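In: Turn this into a structure:
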Amino acid sequence: MMAIFKREFKSYFTNVSGVLFISVLLLFTGIFTTAINLMGQFSAFEYALEEITLVFVLVVPVLCMRSLTEDKRMKTDSLLYALPLRLSSIVMGKYFAMLAVFLIPVIIMALYPLLLAGFSVGAVNFASAYASLLGFLLLGASLIALCMFVSSFTESQVIAAVGGFAVTLLLYFMNAISGMIPVTPLVSLGCFLVLAVLAALILYYLTKNLPISLACGGIFCALILLLYVWKRTLFEGSFSALLTYLAPFEKFYRFTYGVLDLKAVVFYLSFSAFFVFLTVKSLEKKRWS
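Out: Coordinates of the predicted model:
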């Protein structure tokens, strides 16, 4: 895994993606810090971090677009599969390389509260600032895992970047979308059935086993329908509540209040592990296909 990590980490500085990611992230950090903290005379660095989350929608897909597509495009993925390494080690090496690139601007951003303390912008709440920065790091780690999974579907870096942009944008507006969904039980039932079908399609993509995928999809749908018949009131607003709970950007905002939310930490770690696991399964399917 260490060899994959070193190879991938160096590659981000021999092409434009890693340098562009760091430059854009630090550029907007400087812009928002100047506008909000210095010109606006607010001492809370977390206010600037809240605005920077929108930049994630643009820069994280750029960082991740070549994570798996480059090997496919250069036809070197077969060499990786031939290495005496488990696919999980290869994926983790690539994932940790992207995290290391992301950690560079985060470490630089950790100096901002110290710098703000030297200006006459009021007392800096270091606990709130660094709790927010921790949430920022965990949010970035989650989005990187998700965009890496998206890149496993294609050989095109452009398609990987556009796909990553689409899913991160969807996550960014997930809380707003949840408020637009009617809270009636019937609407929630339909949404859960669609979710069950999507889960079955993903299972089929990962396994290429149609009977198992159909069986799992049928079981999911049957359980949802039985639950709906048994207690319809459970479905009232339940899908909207699920979207609100799964919204990663909303969980980050809790950190900006100076609260170290352990539930959010567990959520981000689980979110990252889940999509890293799916990426491994996606590559295993291609390895034996």
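
In: starting at the chain centroid, how far to the helix or strand containing Met148?
Out: Per DSSP states H and E: Met148 is located in helix 126-151. For helix 126-151, the distance between its averaged C-alpha position and the chain's averaged C-alpha position is 8 Å (CA atoms, centre = their mean, to the nearest Å).

In: Could you list every helix and strand in contact with it?
Out: Secondary structure elements in contact with helix 126-151, counted by 3 or more CB pairs under 8 Å, 6 or more residues apart in numbering; DSSP states H and E, are helix 45-64, helix 87-109, helix 112-117, helix 157-172, helix 248-255, helix 262-288. All C-beta atoms are positioned from the backbone trio N, CA, C, and that covers glycine.

In: Minimum distance to Leu38: which of those helices has it?
Out: Go through the helices and strands packed on helix 126-151 one by one with CB to CB and the one that ends up closest to Leu38 is helix 112-117, at 8.0 Å.

In: Any buried residues in the closest one, and which?
Out: Along helix 112-117, these residues count as buried under the neighbour rule (16 or more other CB atoms under 10 Å): Tyr112, Pro113, Leu116.

In: can you check stretch 17-28 too?
Out: Along stretch 17-28, the positions that meet the burial threshold by neighbour count (16+ other CB under 10 Å) are Ser17, Gly18, Phe21, Ile22, Val24, Leu25, Phe28.

In: Equivalent analysis for stretch 26-37, please.
Out: Judged by neighbour count using 16+ other CB under 10 Å, the buried positions of stretch 26-37 are Phe28, Thr29, Phe32, Thr33, Ile36, Asn37.

In: Residues contacting that stretch, please?
Out: Outside of stretch 26-37, the residues that reach it under the criterion CB atoms under 8 Å, 6 or more residues apart in numbering are 42-45, 47-48, 51-52, 55, 105, 108-109, 112, 116, 119, 121.

In: List only buried entries from these.
Out: When burial is judged by neighbour count using 16+ other CB under 10 Å, the buried members of the contacts of stretch 26-37 are 42-45, 47-48, 52, 55, 105, 109, 112, 116, 121.

In: State the pair within the contacts of stretch 26-37 that is farthest apart.
Out: Using CB to CB, the two most remote members of the contacts of stretch 26-37 are Val55 and Phe119, lying 23.2 Å apart.

In: Enumerate the positions of stretch 261-275 that are buried.
Out: Buried residues in stretch 261-275 (16+ other CB under 10 Å): Asp261, Ala264, Phe267, Tyr268, Phe271, Ser272, Phe275.

In: residues making contact with that stretch?
Out: Defining contact as CB under 8 Å, 6+ apart, one finds that stretch 261-275 is touched by 135, 138-139, 141-142, 144-146, 148-149, 248, 251-252, 254-255.

In: let's see it at 7 Å
Out: Contact partners of stretch 261-275, identified using CB atoms under 7 Å, 6 or more residues apart in numbering, comprise Gly135, Leu138, Leu139, Ala141, Ser142, Ala145, Leu146, Phe149, Pro248, Lys251, Arg254, Phe255.

In: Using a markdown table, please lay out those together with distance to Trp230.
Out: Output for the contacts of stretch 261-275, formatted as a markdown table (distance: CB to CB, whole Å):
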| residue | distance to Trp230 |
| --- | --- |
| Gly135 | 39 |
| Leu138 | 37 |
| Leu139 | 37 |
| Ala141 | 39 |
| Ser142 | 34 |
| Ala145 | 36 |
| Leu146 | 34 |
| Phe149 | 35 |
| Pro248 | 32 |
| Lys251 | 31 |
| Arg254 | 34 |
| Phe255 | 39 |
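
In: Redo these as CSV? Include neighbour count and pLDDT.
Out: Output for those, formatted as CSV (neighbours: other CB atoms under 10 Å; pLDDT from 0 to 100):
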residue, neighbour count, pLDDT
Gly135, 26, 91
Leu138, 21, 93
Leu139, 23, 93
Ala141, 20, 94
Ser142, 25, 93
Ala145, 24, 93
Leu146, 25, 92
Phe149, 25, 89
Pro248, 23, 89
Lys251, 21, 88
Arg254, 16, 83
Phe255, 26, 85
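
In: between these, which is closest to Ser128?
Out: When these are compared against Ser128 (criterion: CB to CB), the nearest one is Phe255, at 8.4 Å.

In: Give the closest residue to the closest one in space, chain neighbours not counted.
Out: In space, Phe255 comes closest to Gly135 once its chain neighbours are excluded; the distance is 3.0 Å by CB to CB, 6 or more residues apart in numbering.
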